[in-house]
Structures are given as C-alpha cells and as structure tokens.
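Novice: build me a structure from this.
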Amino acid sequence: MAVAEEECGPVRLTQEDLNSERFKDYQSVFETCAAQDRSRLAIRRMKIDDEVLLLTVDPMTLETGLERERCLSCAQTQEQDYTSTRFVQALNSSRPRLFNAGLTHGAGEGVYLTGDLCPSGKPLDRNFIEEVIKFAPGAPLALAVSGAWLARHKIDFAWLLNKVQHQELKITWVNHSYTHPYVPGLPDQQNYLLKPGIDLDQEIFETEKQLILQGAVPSVFFRFPGLVADETLQTQLRARHLIALGADAWLVLAPAPRPGSIVLVHPNGNEPHGLRLFSKYLRDGKMPLPFRSINEAP
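Specialist: Okay, here's the model as predicted:
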C-alpha cells in the first residue's frame, strides 16, 4: 500500500490501492481490537497486497473504519462480552417479520433520512442531494447502495464521495445487496433475497468490497431489497454482524414522517414521486427536524 510504514489510525486508500486484483482474502470475523486507550470490534478482515486491513466498529457509536491489523492488538471474542453495547443490542433488536424487517423507527426528535440506490439505468437524482445540502449543509444521510447500481454509476458515486470530502454531506453507506433480485409478480416469500439459489454471502460481501474499492467505508447496516426477509434470512444477516434497516416512512407508501421516523426515498431515478413528497414535506414544515445520523437510531 502507498502509505508510510509508521502510519496508524484510519486508512486512507489511494487510487493505486483501489485495484480489485490487489484486494484479497475478504472474510467475516468477530474480534476485539485495542490500540492505546481505544477499543474496537473487527467484523471483516482483508488484504491489499501483504497489508492486512480490518473493518472495525465502535460498539458504542456504531462508527466504522478501515484500520491496519499491525496497528492493533486483536483477539477473537464472544458477543456475550459486549451485550451492554449499543452494537450488540441493535443486532438483537430485530423482530421476525416478512415485510419491513429490521429497525424501523429511531430514538429522539427529527428524522433519519435514508435513500435506496437499487439497480437502475437512470442517473442519480443529484437535485435531491443538492436540496438536502442546501437545506441543511453537512447533514447526515444514509444511502443504501446495491453493488449492481455502483457498478453502473461510478461517476455518480465519485460525485457523492466528493460531497463527503468537502463536508457538504455526511453519508453512511448502507449495504443493499449486490444484485437486488426481483421478479415482478412473484410473491414476497419467493422473491428478492428469498429467491431460491441466492448466495447471501456474495450479496453482502461483494457490495462491501466494491464500496471499499471505490473509497468508501461500509457501515454496520443492511437494508433488505423490498424490505423483505424471513426469520431465517434475518438470522443469517445477524451472524454476519449487520443490523437490518427498515423504514416507517417510505414516503410513497406511508403517512407523513413523525419524530423518530426512518424516512425512505429512492434517488436512483426510479421513484420521483417520493422525492417530490420529500420536497413538499420540507416546504410545508411537515418534515420533523433535524436530520439525524442513522448511527443514532438504535
């Protein structure tokens, strides 16, 4: 990697590093890691060339980061040692239900604004992003990214990263599966990630890898395509140490947001009516404020 040997702390990958041929051995782990007076949990391990990197999470704030294994002292651990943390409590909070699986409402005032980037041939709705920035500069926004969307929209994604780098927006990158499978007309029980033959690890890990390769850091949240998952699928997701994220204010399907709502829109070009409703609620003062970071919701 193109970094000084003595560097520790959050990893900043260079364009040279963002090369899939150099990116290897991606795997799920659960380890406790310490450096000086700071403790983190590692949930993924990977290599760029011979440099081992860890995707870590602060178990109290839910903030994630990429760190060098050589800068940390890590050991395998058990979840029962962290039952009092917000992270493990959030992992255990999901209720088994087919539709809207996962966290659907957050704590406190304001709303948790989220946007889904399902696969789409249409460009990113940049007007929505600019509207959020104009209304609340530096606002938090959770974007649920499908790997298939990212593969087709790297220029749009680079534009989003630029907004983050210039502190115009703080984006939490939520995993939305890679292929986002969907067949019109199939019942939910046989559709989305419940279709026979779906490889959940590939859906999860390929999206995480692509986010990292494009210069982003995956969060600990995962939004099921269609918000659909049975109990078995939710259990499998939890075993990968991801928090299922639902929504109680999908704007085209639900009443106006209320304090604590997790708001869902689609800025991928496929659901313009939801974006119009978002603008109307802002304009009419019906959107509870402020916008809150999704990390604060559980």
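
Novice: strand partners of the one helix or strand Ala144 maps to, parallel vs antiparallel please.
Specialist: If you go by DSSP states H and E, Ala144 is part of strand 139-145. Sheet pairing for strand 139-145, assigned by DSSP bridges, gives strand 112-117 (parallel), strand 169-175 (parallel).

Novice: shaky segments in the chain?
Specialist: The chain contains residues with pLDDT under 70 at 1-6.

Novice: again, only this time at 90
Specialist: Across the chain, the ranges flagged by pLDDT under 90 are 1-22, 35-38, 93-102, 107, 254-255.

Novice: tell me which residue is most central in it.
Specialist: In the chain, the residue lying closest to the centroid (Cα atoms, centre = their mean) is Val174, at 1.2 Å.

Novice: identify the bridge partners of it.
Specialist: In beta-bridge terms (that is, DSSP bridges), Val174 pairs with Ala144.

Novice: ok, now His105?
Specialist: On the basis of DSSP bridges, His105 is bridged to Ser261.

Novice: what about Val88, neighbour count?
Specialist: 17 (other Cβ atoms under 10 Å). (Each C-beta comes from the backbone N, C-alpha and C, glycine too.)

Novice: check the one 5 residues further on too.
Specialist: Close neighbours of Ser93, defined as other Cβ under 10 Å, add up to 12.

Novice: what's near enough to touch it?
Specialist: Residues in contact with Ser93 (Cβ atoms under 8 Å, 6 or more residues apart in numbering) are 103, 298.

Novice: so it sits in a helix?
Specialist: No - counting by DSSP: H, G, I helix; E, B strand; the rest coil, Ser93 falls outside a helix, being coil.

Novice: that one and Gly246, how far apart?
Specialist: Going from Ser93 to Gly246 by Cβ to Cβ, to the nearest Å gives 11 Å.

Novice: who touches both of these two?
Specialist: In contact with both Ser93 and Gly246: Leu103, using Cβ under 8 Å, 6+ apart.

Novice: and the strands in the stretch 151-298 of the chain?
Specialist: 169-175, 218-222, 243-244, 249-250, 262-265 (DSSP state E, counting those that start in this stretch).

Novice: what's the fourth one packed up against?
Specialist: Here strand 249-250 is seen to pack against strand 262-265 when contacts are counted using 3 or more Cβ pairs under 8 Å, 6 or more residues apart in numbering; DSSP states H and E.

Novice: ok, the strand it packs on: who's next to it in the sheet?
Specialist: Partners of strand 262-265 in its sheet, by DSSP bridges: strand 112-117 (parallel), strand 249-250 (parallel).

Novice: could those strands be laid out in a markdown table, adding mean neighbour count and distance to Phe23?
Specialist: As requested, these are exported to a markdown table (neighbours: other Cβ atoms under 10 Å; distance: least, Cβ to Cβ, whole Å):
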| stretch | mean neighbour count | distance to Phe23 |
| --- | --- | --- |
| strand 112-117 | 27 | 22 |
| strand 249-250 | 24 | 34 |
